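Novice: Fold the following.
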Amino acid sequence: ITTLIVFLHQAESPANYVGYVAVVAAVLAMLGLAFYYSTSIDKRLSLTLRSMMTRIMGMILLAIAIGMLAEGLVKLLPGLAG
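Specialist: The predicted structure is shown next:
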């Protein structure tokens, strides 16, 4: 949600807003399909693959959090931007 808000505030032209809406709609459609077919996907995944996916998603979430933290610190303490 935070990423959506940040990207929305960075959009400056009508074309950027249209692109933003298109990307959000595409992501929501893919998410809807994933939720709709989640039971059949779950049956095909092994326990090891589920564990790997959980760890990879955790690393992705950690990378996003560190990026947001670094951006916030640079704005809070401009001397760090060096």
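
Novice: how about the helix or strand harbouring residue 39: buried residues?
Specialist: Taking DSSP states H and E as the criterion, residue 39 maps to helix 38-44. Buried residues in helix 38-44, counting neighbours by 16 or more other C-beta atoms under 10 Å, are absent. Heads up, the C-betas are built off the backbone N, CA and C, glycines and all.

Novice: Alpha carbons only: can I get it in PDB?
Specialist: Provided in PDB are the C-alpha atoms of helix 38-44 (Å, rounded to 0.1, in the frame of the first residue of the first chain):
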ATOM      1  CA  SER A  38      -4.700 -21.200  -4.900                       C
ATOM      2  CA  THR A  39      -6.100 -24.600  -3.800                       C
ATOM      3  CA  SER A  40      -5.000 -26.200  -7.100                       C
ATOM      4  CA  ILE A  41      -1.600 -24.500  -6.900                       C
ATOM      5  CA  ASP A  42      -1.200 -25.600  -3.300                       C
ATOM      6  CA  LYS A  43      -1.800 -29.300  -4.300                       C
ATOM      7  CA  ARG A  44       1.000 -29.100  -6.800                       C
END
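
Novice: now the lengthiest helix in the chain: mean pLDDT?
Specialist: Of all segments of type helix in the chain, defined using DSSP state H, the longest is helix 47-76. Taken as a whole, helix 47-76 carries a mean pLDDT of 93.

Novice: what distance separates it from the centre of its chain?
Specialist: Taking the mean of its C-alpha atoms, helix 47-76 sits 10 Å from the chain's own mean (C-alpha atoms, centre = their mean, to the nearest Å).
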